[in-house]
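Peer 1: build me a structure from this.
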Amino acid sequence: MFSFCTDPSILPDWQWFACYLTNATHLQFYRAFGVVIVLLAITAPAALGMGLLGALALRSRIWPLNWLGQGYVNIVRGVPDIVFFLFVPIALGQGIEWVMHQIHCPDWDQPIRQGNDFIVCREAKVPPVNAPAWVRDIYAFGMAVTAFALVFGAFVANTLYGAMQAVPKAQIETAEAYGMTRRQAFRRIVLPQMWVYALPGLSNIWQILIKATPLLFLLGIQDIVYWARELGGQKTSLFAYPHPDWRMWYFLGLLCFYLFLTWASERAFARLNTRLSRGQATAAGERMRKAAAA
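Peer 2: Alright, predicted model coming up:
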């Protein structure tokens, strides 16, 4: 980064730290923070979409959809998250490769499963064998988003379903008495009001999602925890700047980062709750009406 970084062993302390904190490996560490933010930004709406579909399935009167929703929610909530984080990328990846294998290599005469090995033809490999590193990184990131969305979508589905049930049934019956269909009553009465009931649960799920991001290393992604452990360790071959064991300081930085995310999230959810409670028949909405009338 700097011209004086050619020989770190002869540098004074401030120049040594300037070179150390700006070397190529540390830049990857800093980019890993962006990976966490992007993961949260993509996974949150994906999990919300999965949860909404799951909640609609739980609410459906069509029994196959209802059973599908119940199975999805109960299975995912009943199995440790780490199992799904390991299972989903493997199962989904092998499923995609099996389909590609059937398309590109229909004359293949060997079994795909050979003991513990899953062998497909070269053309069916996903990502392709000669794919550049950035394609492999995007593939691994996409698998991570899928796994996170499936896991947290089940918790969102249960929360949204409970919020739908919390909307006063008298309002729905009144809407139907005025001639609305069940779908119209859901779209105009239940859907706008359920968010204020769901928000506390969604806030908790969001915080758990933030805390789960260090599990990215299970999916082959070099996340901030990986880099903090490698850069802070005393014995490492990642860079030419030997130092004592500084893992405590690196993990202290991660602690501050996650605490900042939690603090910012709490403020954002508090403002959103105030906005959604305006005009609602809830305790928060009643307090706002009394404050406005005073």
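
Peer 1: which SSE is the residue nearest to Ala131 when sequence neighbours are not counted in?
Peer 2: With Cβ to Cβ, 6 or more residues apart in numbering as the criterion, Ala131 has its nearest non-adjacent residue at 8.0 Å, and that residue is Tyr139. Every C-beta, even on glycine, is put in place using the N, C-alpha and C of the backbone. Tyr139 belongs to helix 133-166 when assigned by DSSP states H and E.

Peer 1: pull out the buried residues from the following helix or strand past that helix.
Peer 2: Next helix or strand after helix 133-166 toward the C-terminus (DSSP H and E): helix 169-177. When burial is assessed from 16 or more other Cβ atoms under 10 Å, helix 169-177 yields the following buried residues: Ile172, Ala175.

Peer 1: which other helices and strands contact helix 169-177?
Peer 2: helix 182-185 (3 or more Cβ pairs under 8 Å, 6 or more residues apart in numbering; DSSP states H and E).

Peer 1: so for the helix it packs on, what gets flagged as buried?
Peer 2: Using 16+ other Cβ under 10 Å as the test for burial, helix 182-185 gives Ala185.

Peer 1: ranges for the strands of the protein?
Peer 2: Counting by DSSP state E, the chain has strands at residues 113-114, 117-118.

Peer 1: residues touching the residue nearest to Ala131, list them.
Peer 2: Applying Cβ atoms under 8 Å, 6 or more residues apart in numbering, we find Tyr139 in contact with Val126, Pro127, Ala131.

Peer 1: what does Val129 give?
Peer 2: Arg122 are the contacts of Val129 under Cβ under 8 Å, 6+ apart.

Peer 1: dump the strands of the chain into TSV; add distance to Pro89 as well.
Peer 2: What follows is the strands of the chain, written out as TSV (distance: least, Cβ to Cβ, whole Å):
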stretch	distance to Pro89
strand 113-114	18
strand 117-118	13
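
Peer 1: out of those strands, which is the most enclosed?
Peer 2: strand 117-118 (a mean of 11; mean count of other Cβ atoms under 10 Å).

Peer 1: and the residue nearest the centre of the chain, what does it touch?
Peer 2: Residue closest to the average C-alpha location in the chain (Cα atoms, centre = their mean): Thr43, at 3.9 Å. Residues counted as contacts of Thr43 (Cβ under 8 Å, 6+ apart) are Val145, Phe148, Ala149, Phe152, Leu209.

Peer 1: report the separation between the closest residue in space to it that isn't next to it in sequence and His101.
Peer 2: Counting by Cβ to Cβ, 6+ apart, Phe148 is the residue found nearest to Thr43 once chain neighbours are left out, at 4.5 Å. In this view, Phe148 and His101 are 27 Å apart by Cβ to Cβ, to the nearest Å.

Peer 1: who has more neighbours out of those two?
Peer 2: Phe148 (27 against 21; other Cβ atoms under 10 Å).

Peer 1: still on that earlier bit, how about the helix holding Tyr139: buried residues?
Peer 2: The neighbour-count check on helix 133-166 (16+ other Cβ under 10 Å) flags 139-141, 143-161, 163-164 as buried.

Peer 1: pull the distance from it to the chain's centre.
Peer 2: Centroid displacement of helix 133-166 relative to its chain, using Cα atoms, centre = their mean, to the nearest Å, is 6 Å.

Peer 1: what mean pLDDT does it get?
Peer 2: The average of the pLDDT scores along helix 133-166 is 90.

Peer 1: swap in stretch 44-62?
Peer 2: 92.

Peer 1: pull out the buried positions in that stretch.
Peer 2: By neighbour count on 16+ other Cβ under 10 Å, the buried set for stretch 44-62 is 44, 46-48, 50-59.

Peer 1: one more: stretch 22-36?
Peer 2: Asn23, His26, Gln28, Phe29, Ala32, Val35, Val36.

Peer 1: now, which of those residues lie within helices?
Peer 2: Among the buried residues of stretch 22-36, the members falling in helices (DSSP state H) are His26, Gln28, Phe29, Ala32, Val35, Val36.
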